[in-house]
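A.B. asks: Dropping the sequence and predicted coords here.
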Amino acid sequence: MSSSNQEGAAKTQPRPTIKAVRGTRDLLPDQTPLWNHVESTARAVFARYGFGEIRTPIFEDTSLFSRSVGEETDIVSKEMFTWEDRARAASEKAQSLTLRPESTAGVVRAYIEHKLGETGSLQKLYYIGPQFRRERPQRGRYRQFWQIGAEVIGPQTSGSESPLRDAELLEMLASYLDELGVKGWRLELNSVGNAEDRTRFNVALREALAPVRERMCPDNQRRAETNPLRVLDSKEEQDQDIINALPKIADFLSDASREHFAQVLAALDACGVPYHVNPRLVRGLDYYTRTTFEFTVTTGLGTQNALLGGGRYDGLSEMLGGPKAPGIGFAIGEDRLILTLQAQIEEAERDAKQAGSDIESQVEKARKLDAYIAPLSAGQNAAALKLARDLRKEGLTIEVGDGSFKLRKSFDTADKLARHIMLLGEDEVASHTVTVKTFATGTQERIPREALLKVLRMIPG
RNA sequence: GCGGCUAUAGUUCAGUGGCAGAACGCCGCUCUGUGGCAGCGGAUGUCGUGGGUUCGAACCCCACUAGCCGCCCCA
């Protein structure tokens, strides 16, 4: 192989290619329809429950997250994309900014900033957007990932603290997953009590852990120190006996918290939403109180089996310097939801193939354009584009070829993309007609331009 | 942040020290206004990047980068 390297000087130096940075990725057109479906279904379902969309900034003051999510959490202590925004004037201080690792804090910040509590009414807000965490990428875990979330928040007089709200939110999630066709989801929930309950429990837990800590694995020893609650949901086999003997949060709930939780469960029962109470379900974010929950799924996610998580945050607004505004919310891992659906679609297609039916070709057919316009030579290019313009204005989906293409190539391309091919040669242009061939039937007809739309609508396929 | 596995054509992958390969896809021709089928032909490429060992490296060694799997954590 002799590549002409003699004029090496003329050869452009190979430039290093730039790739999407670690943990981020592109979603190409073969992916985005499913994403849009997941999102538009969310919008439709949430609207039925009276939710409105909120869009908050993608970056915020760093202290918003350290104050809400919690200084000691992994998210804040080592997983945030944070940078110092430079001061624009000598009198100004540099501000620490952070790409949002989650959206609840930003939504509550907006609630406070816009004094939404002053309206007196319950706020039901949902959002769809990217979040950022500097974790090691893995299946279902990316550094830029998408969440679909919702928050119900308001002054106590708006009923924001009612267990009805908890149950409604969970029922909405169940309906959403069902409507998307997610199979085999499992709802686990628990109550972690109010702030006082949690404080008392934490003290008791530390006391109980002190004498047995040495016998646990290093991870749990560290947790016992930094965040004792998290010892409870450790999966470490060796430590299970110790963990099972630890105090249970249920025994530390105040009467009010206990009653609240009971009412949530009663409402779920009434709605027929299946659930599993998991006394060891503890969520990592500092702001959670009382009801906490997650939905898990067994298909497609590997060990990242949590599809969504959420809970109450009755004290969050006050943590951020706002008025008392109890609330509850959730965040769906959209990337994980998509992975789950893709795995389940693949499974269904495999089953369908075995059963002899042909889903795949139906999907393909649904995606095809109405027509492909093939100018037979460059002389018809302008006329082809004009025809496309007219038909697109009528709502048809059209692709236009190029007069330089050989007819064979036009047919090949057209058959891949569209249901009809429209041939536009000198004859057609002169006689104001179009030759239309329908791939499904193989029939071909010369149709006057004026009648084209009418005829096209009558042709099947 | 830690551990394991992986990286070769557009895609899926084979190639374990001696000429860079297959299938699918792509392009061309058979066939210049009628495609799908078939036949023939063609291009696939920094073998992830950089270094080392060797007469010789896609192959062995080291480092880096990225992906996957697991841990941690979380959606």
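C.D. replies: Nice, thanks for sending it over. Keep in mind that this is a model prediction, so the values were computed, not measured. Residues are numbered from 1 along each chain as shown, chains lettered A, B, ... in the order given.

A.B. asks: For the rest of this, base every contact and every neighbour count on C-alpha atoms.
C.D. replies: Will do.

A.B. asks: What are the neighbouring residues in contact with A:Ile338?
C.D. replies: A:Ile338 makes contacts with A:34-35, A:38, as judged by Cα atoms under 8 Å, 6 or more residues apart in numbering.

A.B. asks: and it, what are its phi and psi?
C.D. replies: phi -60, psi -50 (degrees, to the nearest 10).

A.B. asks: can you check the one 5 residues further on too?
C.D. replies: For A:Ala343, the backbone dihedrals are phi -60, psi -40 (criterion: degrees, to the nearest 10).

A.B. asks: so what's the residue most central in space within chain A up against?
C.D. replies: Among the residues of chain A, the one closest to the centroid is A:Glu334, at 2.1 Å (Cα atoms, centre = their mean). The contact partners of A:Glu334, taken as Cα under 8 Å, 6+ apart, are A:145-148.

A.B. asks: Out of the residues you listed, the closest to RNA strand B would be?
C.D. replies: Among these, A:Phe145 lies closest to RNA strand B (Cα to the nearest atom of the strand), at 5.3 Å.

A.B. asks: so A:Ser191 touches A:Tyr288, yeah?
C.D. replies: No - counting by Cα atoms under 8 Å, A:Ser191 does not reach A:Tyr288; the two are 9.6 Å apart.

A.B. asks: Which residues of the stretch 201-350 of chain A lie near RNA strand B?
C.D. replies: Proximity of the stretch 201-350 of chain A to RNA strand B, by Cα under 7 Å from any atom of the strand, involves residues A:219, A:223, A:230, A:234-236, A:283-285, A:294, A:301-310, A:331-336.

A.B. asks: which of the contacts of A:Ile338 has the weakest pLDDT?
C.D. replies: By pLDDT, A:Leu34 ranks lowest within the contacts of A:Ile338, coming in at 90.

A.B. asks: quick one: it from RNA strand B, how far?
C.D. replies: The gap separating A:Leu34 from RNA strand B is 17 Å, by Cα to the nearest atom of the strand, to the nearest Å.

A.B. asks: nearest residue to that residue other than its sequence neighbours?
C.D. replies: For A:Leu34, ignoring the flanking residues on the chain, the nearest one in space by Cα to Cα, 6 or more residues apart in numbering is A:Ile338 at 7.3 Å.

A.B. asks: Got the confidence number for that neighbour?
C.D. replies: 92.

A.B. asks: Now rank the contacts of A:Ile338 by neighbours and give me the top one.
C.D. replies: A:Val38 (20 neighbours; other Cα atoms under 10 Å).

A.B. asks: Tell me the secondary structure at that one.
C.D. replies: Three-state assignment for A:Val38 (DSSP: H, G, I helix; E, B strand; the rest coil): helix.

A.B. asks: Nearest residue to A:Ile332 in space, ignoring adjacent ones along the chain?
C.D. replies: Nearest-residue entry for A:Ile332: A:Leu308, 4.1 Å, with adjacent residues in sequence omitted and distances by Cα to Cα, 6+ apart.

A.B. asks: what is the one you found paired to in the beta sheet?
C.D. replies: A:Phe295, A:Ile332 (DSSP bridges).

A.B. asks: Let me have the contacts of A:Glu334 in a markdown table, extended by distance to RNA strand B and neighbour count.
C.D. replies: As requested, the contacts of A:Glu334 are arranged in a markdown table below (distance: Cα to the nearest atom of the strand, whole Å; neighbours: other Cα atoms under 10 Å):
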| residue | distance to RNA strand B | neighbour count |
| --- | --- | --- |
| A:Phe145 | 5 | 21 |
| A:Trp146 | 7 | 19 |
| A:Gln147 | 7 | 22 |
| A:Ile148 | 9 | 22 |
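
A.B. asks: Save those as TSV, and put in pLDDT too.
C.D. replies: Output for these, formatted as TSV (pLDDT from 0 to 100):
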residue	pLDDT
A:Phe145	94
A:Trp146	96
A:Gln147	96
A:Ile148	97
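
A.B. asks: In strands, which of those appear?
C.D. replies: Residues of the contacts of A:Glu334 located in strands (DSSP state E): A:145-148.

A.B. asks: now, which of those residues sits nearest A:Gly327?
C.D. replies: A:Ile148 (17.0 Å; Cα to Cα).

A.B. asks: Check the contact between that closest one and A:Ile332; I expect there is one.
C.D. replies: Yes - at 5.0 Å, A:Ile148 counts as touching A:Ile332 under the criterion of Cα under 8 Å.

A.B. asks: For A:Leu285, which residues are in contact?
C.D. replies: A:Leu285 is in contact with A:68-70, A:73, counting by Cα under 8 Å, 6+ apart.

A.B. asks: so which of those residues also contact RNA strand B?
C.D. replies: The residues of the contacts of A:Leu285 that also fall near RNA strand B, by Cα under 7 Å from any atom of the strand, are A:Thr73.

A.B. asks: How about the residues of the stretch 351-461 of chain A by RNA strand B?
C.D. replies: So the stretch 351-461 of chain A meets RNA strand B at A:376, A:405-409, A:411-412, A:415, A:423-428, A:435, A:437-440, A:442, A:444 (Cα under 7 Å from any atom of the strand).

A.B. asks: what's the burial count for A:Ser377?
C.D. replies: As a burial measure, A:Ser377 scores 16 neighbours (other Cα under 10 Å).

A.B. asks: Output the helix or strand where A:Arg389 lies as PDB, restricted to C-alpha atoms.
C.D. replies: Using DSSP states H and E, A:Arg389 sits within helix A:381-393. The C-alpha atoms that make up helix A:381-393 are tabulated as PDB, following Å, rounded to 0.1, in the frame of the first residue of the first chain:
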ATOM      1  CA  ASN A 381     -34.500  19.900  -8.300                       C
ATOM      2  CA  ALA A 382     -36.300  23.200  -7.900                       C
ATOM      3  CA  ALA A 383     -39.600  21.700  -8.800                       C
ATOM      4  CA  ALA A 384     -39.100  18.900  -6.400                       C
ATOM      5  CA  LEU A 385     -38.400  21.200  -3.500                       C
ATOM      6  CA  LYS A 386     -41.500  23.200  -4.400                       C
ATOM      7  CA  LEU A 387     -43.600  20.100  -4.400                       C
ATOM      8  CA  ALA A 388     -42.200  19.100  -1.100                       C
ATOM      9  CA  ARG A 389     -43.000  22.500   0.300                       C
ATOM     10  CA  ASP A 390     -46.600  22.200  -0.800                       C
ATOM     11  CA  LEU A 391     -47.100  18.700   0.600                       C
ATOM     12  CA  ARG A 392     -45.300  19.500   3.900                       C
ATOM     13  CA  LYS A 393     -47.700  22.500   4.300                       C
END
